[in-house]
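**Student:** Based on what follows, work out the 3D shape:
(2 chains)
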Amino acid sequence: DVKVTQSSRYLVKRTGEKVFLECVQDMDHENMFWYRQDPGLGLRLIYFSYDVKMKEKGDIPEGYSVSREKKERFSLILESASTNQTSMYLCASSSLLAGTLYNEQFFGPGTRLTVL
Amino acid sequence: DQQVKQNSPSLSVQEGRISILNCDYTNSMFDYFLWYKKYPAEGPTFLISISSIKDKNEDGRFTVFLNKSAKHLSLHIVPSQPGDSAVYFCAASARGGSNYKLTFGKGTLLTVNP
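**Tutor:** Here you go, the predicted structure:
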């Protein structure tokens, strides 16, 4: 079974702090994604990566950056956290060779981030 | 510009009856569609998918129907069970697009009443 893990389930930070959210997958997937989920807005893509050291902006990249130094690990960075970044953050991974599971993304459990 | 739309934020049905969740899309390049289910405080889990070359895919109690001409798909759950209560997200993908990125709808909260 694919396993995607996220470093924290719940996190509370102060405005202006630098925040790191870590995601690790164990299935050698090429693609990794960061989303945020907010009520009434669904899942919105922040950034994704299709290879080590490669990244592409999603729909809402402002205020975020990412790092992918190893294939299994994808980090989301909030350089200076703000209250409007309070949200549920979800990491996902997928494989280019998914076969019948074409484009299926496997999600981690999420990190509920609160910025005070 | 919302390319995948779930126009019903919520749906309530009785246990044992059919649940029908709807999804519309605007991008004609989408060729693969997925439904995800999400419980509170958990990540979404894959439920069922359908390729654009098909109009129906069935897996147990779950059936997805695709009407390409109307750019519409629906998820049928029969019979509905209280454990099906969750948020359901419709997602779509375009082959040849940006590395299999998925575009999600805003979700529909399904409540199945005992």
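**Student:** make it CA atoms for all contacts and neighbour counts henceforth
**Tutor:** Fine.
**Student:** Count the residues that sit near residue 40.
**Tutor:** Going with chain A. The number of residues packed near residue A:40 is 11, by other C-alpha atoms under 10 Å in any protein chain shown.
**Student:** Not quite, go with chain B.
**Tutor:** Close neighbours of residue B:40, defined as other C-alpha under 10 Å, add up to 9.
**Student:** What segments of chain A are strands?
**Tutor:** Shown for chain A, the strands assigned by DSSP state E span residues A:4-6, A:10-13, A:19-25, A:31-38, A:42-49, A:56-57, A:64-70, A:73-78, A:87-94, A:106-107, A:111-115.
**Student:** Would you mind putting those strands into JSON lines with distance to residue B:65 alongside?
**Tutor:** Listed next are the strands of chain A as JSON lines, based on distance: least, C-alpha to C-alpha, whole Å:
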{"stretch": "strand A:4-6", "distance to residue B:65": "29"}
{"stretch": "strand A:10-13", "distance to residue B:65": "37"}
{"stretch": "strand A:19-25", "distance to residue B:65": "32"}
{"stretch": "strand A:31-38", "distance to residue B:65": "26"}
{"stretch": "strand A:42-49", "distance to residue B:65": "22"}
{"stretch": "strand A:56-57", "distance to residue B:65": "32"}
{"stretch": "strand A:64-70", "distance to residue B:65": "37"}
{"stretch": "strand A:73-78", "distance to residue B:65": "35"}
{"stretch": "strand A:87-94", "distance to residue B:65": "24"}
{"stretch": "strand A:106-107", "distance to residue B:65": "23"}
{"stretch": "strand A:111-115", "distance to residue B:65": "33"}
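**Student:** just so I know, which of those lies nearest chain B?
**Tutor:** strand A:42-49 (3.7 Å; C-alpha to the nearest C-alpha).
**Student:** Any residue of the closest one touching chain B?
**Tutor:** Yes: counting by C-alpha under 8 Å from any C-alpha of the partner chain, chain B is contacted by strand A:42-49 at A:42-44.
**Student:** so who does the residue in chain B that chain A sits nearest to touch?
**Tutor:** Residue of chain B nearest chain A, by C-alpha to the nearest C-alpha: residue B:106 (3.7 Å). By C-alpha atoms under 8 Å, 6 or more residues apart in numbering or on different chains, the contact list for residue B:106 reads A:40-43, B:5-6, B:9, B:89-90.
**Student:** ok, residues contacting stretch A:57-70?
**Tutor:** Taking C-alpha under 8 Å, 6+ apart as the rule, stretch A:57-70 contacts A:44-49, A:51-55, A:74-80.
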